[in-house]
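K.L.:
Quick one, what's the 3D model for this:
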Amino acid sequence: MAHLNRFLQFLDESPSPFHAVATAARWLEAAGYDRLDLADRHDALLAGDRRYVIRGGSIFAFRVGERSPIEAGFRLIAAHTDSPNLRLKPRPLVRNHGYVRLGVEPYGGVLLATWTDRDLGLAGQVTLRHGQGVRQELVRIHRPLCRVPNLAIHLNRGVNDDGLKLNAQTMLPAVFALESSPAGDPLRGLLAAELGCAPDDILTWDIGLYDLTSAALGGLNNEFLYSARLDNLASCHAGLEALLEAHQDGLPESTAVLALFDHEEIGSQTSRGANGRAIEAILLRILGESASHADLTRSLERSFLVSADMSHAVHPAHADKSEAEHMPRLNAGPVIKQNTNWRYSTEGDGAASFALACERAGVSFQWYVHRSDLACGSTVGPMLAARLGCRSVDVGNPMLSMHSAREMCGALDQDAMIAALSEVLRS
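P.N.:
Purely as a prediction, here's the structure:
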């Protein structure tokens with residue numbers, strides 16, 4: 001549990017993808033990584049060079065190996081910074097019946113009922129007027145600003161039998177203020193006060209609601225970890241720690257690459273998503289400005305991709321939803337995820353490579369296969385494997401309450417995943 005405090009810190013400091021990127025960048029810079037701008041011309045990278053690139057809510061970091069990637073390949077870890085939540089609309093104010101509410105749009109596959117009756121803050125990125133152009137600023141208002149109140153059971157007698165059903169358009173707008181508040185736009189005024197700018201300087205925003213409860217250990221023996229956004233900040237943290245630790249005992253031959261993508265929960269078909277050009281641009285930049293796509297192809301033939309995204313654990317009250325021979329348990333080690341319809345990128349050689357990494361790290365691993373009569377979710381793994389054409393595996397730590405406003409995992413599994421990923425980057 002050596003990394004546990006840093007894990008809790010990473011979760012609490014990352015209420016939005018933009019904040020997760022900022023947190024990762026601070027940790028990378030503290031370890032000697034320098035920011036790289038792909039728009040600039042640069043000298044050739046040398047063995048041991050450490051760089052990172054930011055694209056909005058995505059961040060890519062790498063350390064150049066002892067040998068050229070054309071000869072030794074890349075060792076890639078991919079995860080995603082975004083989590084299902086409620087995002088503010090461009091014109092969010094809903095005024096009725098004496099209340100001011102904030103209109104929201106569900107982002108990704110949200111378990112909507114879990115967002116009710118919670119103390120919610122606001123976090124994300126705001127774009128401001130800056131001379132004749134624009135600039136972006138992070139904003140995080142960590143106090144109970146908003147609430148999605150449940151309807152009393154006296155007015156909804158069947159809720160315990162029928163389940164809580166929420167209309168996203170009419171029932172999710174979060175209570176923010178009373179109409180008796182000062183005239184004008186209270187949200188724009190609040191953001192301006194936080195950012196120290198005039199309300200009219202705020203042009204656009206990418207802001208979501210987030211639960212204010214801190215990440216915490218729980219269970220009788222602190223064997224569990226409870227937090228928002230475990231899917232998939234847990235994998236982001238594991239990949240980041242693995243990158244920082246993998247080279248402590250010397251520089252491996254292969255170049256290590258960490259790719260933390262935004263927009264996985266909505267399909268990744270964006271400029272900074274896993275199905276865009278961002279990853280290829282990073283790999284070509286590592287190879288050098290004169291590198292060709294033939295050079296990239298040769299490098300990828302010698303490469304290995306680990307797609308790290310959280311896995312389903314067997315649920316004690318719903319074990320029938322799991323495949324009988326593939327029931328991952330909390331605190332029993334990383335999970336290799338396989339699906340023959342390619343919802344995960346795992347093939348035999350990729351799974352074998354990760355299994356050997358676990359063996360070298362001294363950690364056990366588990367298998368996950370979705371029930372054959374249920375639709376399976378997916379990860380960035382299949383699209384990256386298809387785009388890059390390299391050997392790959394999909395893995396993740398087991399968890400419960402996936403896509404809830406508050407999730408849970410095993411407190412011991414994070415160290416095991418970090419150890420396994422570190423071995424992948426060393427190999």
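K.L.:
How far does stretch 363-376 sit from its chain's centre?
P.N.:
Between the centre of stretch 363-376 and the centre of its chain there are 21 Å (Cα atoms, centre = their mean, to the nearest Å).
K.L.:
Give the buried residues for that stretch.
P.N.:
Across stretch 363-376, burial judged by 16 or more other Cβ atoms under 10 Å covers 363, 365, 366, 367, 368, 369, 370, 376. Any C-beta I mention is one placed from the backbone N, CA and C, and that applies to glycine too.
K.L.:
And the residue nearest the centre of this structure?
P.N.:
In the chain, the centroid-proximal residue (Cα atoms, centre = their mean) is residue 81; its distance is 2.4 Å.
K.L.:
Do you have the strands of the stretch 201-350 of the chain handy? List them.
P.N.:
202-211, 216-218, 224-227, 255-261, 304-308, 311-312, 335-337 (DSSP state E, counting those that start in this stretch).
K.L.:
mind saving the C-alpha coords of the fourth one as PDB?
P.N.:
Which is strand 255-261. The C-alpha trace of strand 255-261 is given here as PDB (Å, rounded to 0.1, in the frame of the first residue of the first chain):
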ATOM      1  CA  THR A 255      10.700   3.900 -25.100                       C
ATOM      2  CA  ALA A 256       8.000   4.200 -22.500                       C
ATOM      3  CA  VAL A 257       4.800   6.100 -23.400                       C
ATOM      4  CA  LEU A 258       1.900   7.000 -21.200                       C
ATOM      5  CA  ALA A 259      -1.300   8.100 -23.000                       C
ATOM      6  CA  LEU A 260      -4.200   9.400 -20.900                       C
ATOM      7  CA  PHE A 261      -7.100  10.200 -23.200                       C
END
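K.L.:
which stretch among the strands of the stretch 201-350 of the chain comes nearest residue 30?
P.N.:
Across the strands of the stretch 201-350 of the chain, residue 30 has its closest neighbour in strand 255-261 (15.3 Å, Cβ to Cβ).
K.L.:
what about stretch 383-403, start to end distance?
P.N.:
Stretch 383-403 stretches 21 Å from its first residue to its last (Cα to Cα, to the nearest Å).
K.L.:
Mean confidence (pLDDT) on that stretch, please.
P.N.:
For stretch 383-403, the mean pLDDT works out to 97.
K.L.:
Tell me the buried residues in it?
P.N.:
Applying 16+ other Cβ under 10 Å to stretch 383-403 flags 383-385, 387-388, 390-403 as buried.
K.L.:
So for the residue nearest to the centre of the chain, what's the pLDDT?
P.N.:
Listed pLDDT for residue 81 reads 98.
K.L.:
That one and residue 404: what is the separation?
P.N.:
Distance, residue 81 to residue 404, by Cβ to Cβ, to the nearest Å: 18 Å.
K.L.:
cool, and residue 421?
P.N.:
From residue 421 over to residue 404 (counting by Cβ to Cβ), the distance is 25 Å.
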